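Visitor: Sequence first, then the predicted structure, then my questions.
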Amino acid sequence: MLPAKRTYYGMLSAMDELVGNLVSSLKENGLYDNSVIIWSSDNGAFPPGSNSPLRGWKAELYEGGIRVPGFVHSPNLVQQPG
């Protein structure tokens with residue numbers, strides 16, 4: 001595995017653990033049911049990074065420069081999600 005991929009997967013694993021710790025802490029302190037968790041990411045990579053399979057880079061108006069993953073979660077925010 002390339003060192004860059006190893007680093008990326010390590011950071012991804014660490015972020016997953018941190019989000020899990022945050023949710024656990026909210027639940028342990030009775031705050032989870034009244035919380036809104038908002039997750040968003042930065043847009044696009046600079047060359048030589050990869051936005052594959054999307055076209056374009058950061059600061060461009062192609063999908064690779066403007067699309068970002070994100071979500072909003074709250075147990076009580078929406079009564080019937082979907």
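Guide: Done, it's in. Residues are numbered from 1 along each chain as shown.
Visitor: so who does residue 22 touch?
Guide: residue 37 (Cβ atoms under 8 Å, 6 or more residues apart in numbering). Yep, even glycine has a C-beta here, placed from its N, CA and C like the rest.
Visitor: The host helix or strand of residue 13 - what's its average pLDDT?
Guide: Element membership for residue 13, per DSSP states H and E: helix 3-28. Helix 3-28 shows a mean pLDDT of 93.
Visitor: cool, stretch 51-59 as well?
Guide: The model assigns stretch 51-59 a mean pLDDT of 86.
Visitor: circling back: can you name every helix or strand that whichever helix or strand comes after the helix holding residue 13 contacts?
Guide: Note on helix 3-28: by DSSP H and E, the next helix or strand toward the C-terminus is strand 37-40. Here strand 37-40 touches helix 3-28, strand 70-73, going by 3 or more Cβ pairs under 8 Å, 6 or more residues apart in numbering; DSSP states H and E.
Visitor: Good, we can wrap up now.
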